[in-house]
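Novice: Kindly return the folded structure for what I paste below:
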Amino acid sequence: MLGRKPETILTDQSASIACAIADVFPETCHRLCAWKIYQNATENLSYAFHPSWQFVSVFSLCLNDYEEEEEWLMAWNTMLEKYNLQAESEEMFKRANNVSQQLLKDLLGIKRKWSLVALQSKANAQGKL
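Specialist: As a prediction, the model looks like this:
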């Protein structure tokens, strides 16, 4: 790295790695790898992925394609409703375990670490776009 600190580091959702990055590189932007998020979702949301290949497309769009926060949030919420993934859905409780429910809550809570919308908002604030 030629004596320079990284601007951004992409990792999985490991809490220990996140802490280490914050300690060693406090000014580095820690982001989550979309590919790892997708892989985690396919494992924990298999009941949504397998019966409907449309879900795969919608989830991928939410991971990669929205540039405006309002548009992204609307798409995310529409996805949760359309595929009965919202936390209060009785059907979800019947089909899923607490891991998949928590996964969706956690992803929404940390969207600033993985969503394209958050990356662009930060870049705009720093005058990089």
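Novice: Now do the helices in the chain.
Specialist: Listed in chain order, the helices of the chain (DSSP state H) span 15-24, 34-44, 46-49, 53-64, 69-82, 90-95, 98-109, 116-125.
Novice: Please work out which of the ones you listed is packed deepest.
Specialist: Of all the helices of the chain, helix 46-49 carries the top mean neighbour count, a mean of 18, counting by mean count of other CB atoms under 10 Å. C-beta here means a position set from N, CA and C on the backbone, and glycine is covered the same way.
Novice: For this protein, which helix or strand comes out least confident on mean pLDDT?
Specialist: Sorting the helices and strands of the chain by mean pLDDT, DSSP states H and E puts helix 90-95 at the bottom, at a mean of 50.
Novice: Of all the helices of the chain, which one comes closest to residue 7?
Specialist: Across the helices of the chain, the minimum distance to residue 7, taken as CB to CB, is reached by helix 116-125, at 10.6 Å.
Novice: now the end-to-end length of stretch 59-68.
Specialist: In stretch 59-68, first residue to last residue: 16 Å (CA to CA, to the nearest Å).
Novice: go on, stretch 46-66?
Specialist: End-to-end for stretch 46-66, by CA to CA: 23 Å.
Novice: From the chain's centroid, how far away is it?
Specialist: Here the centre of stretch 46-66 is set off from its chain's centre by 13 Å, with CA atoms, centre = their mean, to the nearest Å.
Novice: Then stretch 16-32?
Specialist: 17 Å.
Novice: quick one: terminal-to-terminal distance for that stretch?
Specialist: The first and last residues of stretch 16-32 sit 13 Å apart, counting by CA to CA.
Novice: about what we covered before: make JSON lines out of the helices of the chain and add distance to residue 5.
Specialist: Supplementary listing: these in JSON lines, determined by distance: least, CB to CB, whole Å:
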{"stretch": "helix 15-24", "distance to residue 5": "9"}
{"stretch": "helix 34-44", "distance to residue 5": "23"}
{"stretch": "helix 46-49", "distance to residue 5": "38"}
{"stretch": "helix 53-64", "distance to residue 5": "27"}
{"stretch": "helix 69-82", "distance to residue 5": "28"}
{"stretch": "helix 90-95", "distance to residue 5": "42"}
{"stretch": "helix 98-109", "distance to residue 5": "27"}
{"stretch": "helix 116-125", "distance to residue 5": "17"}
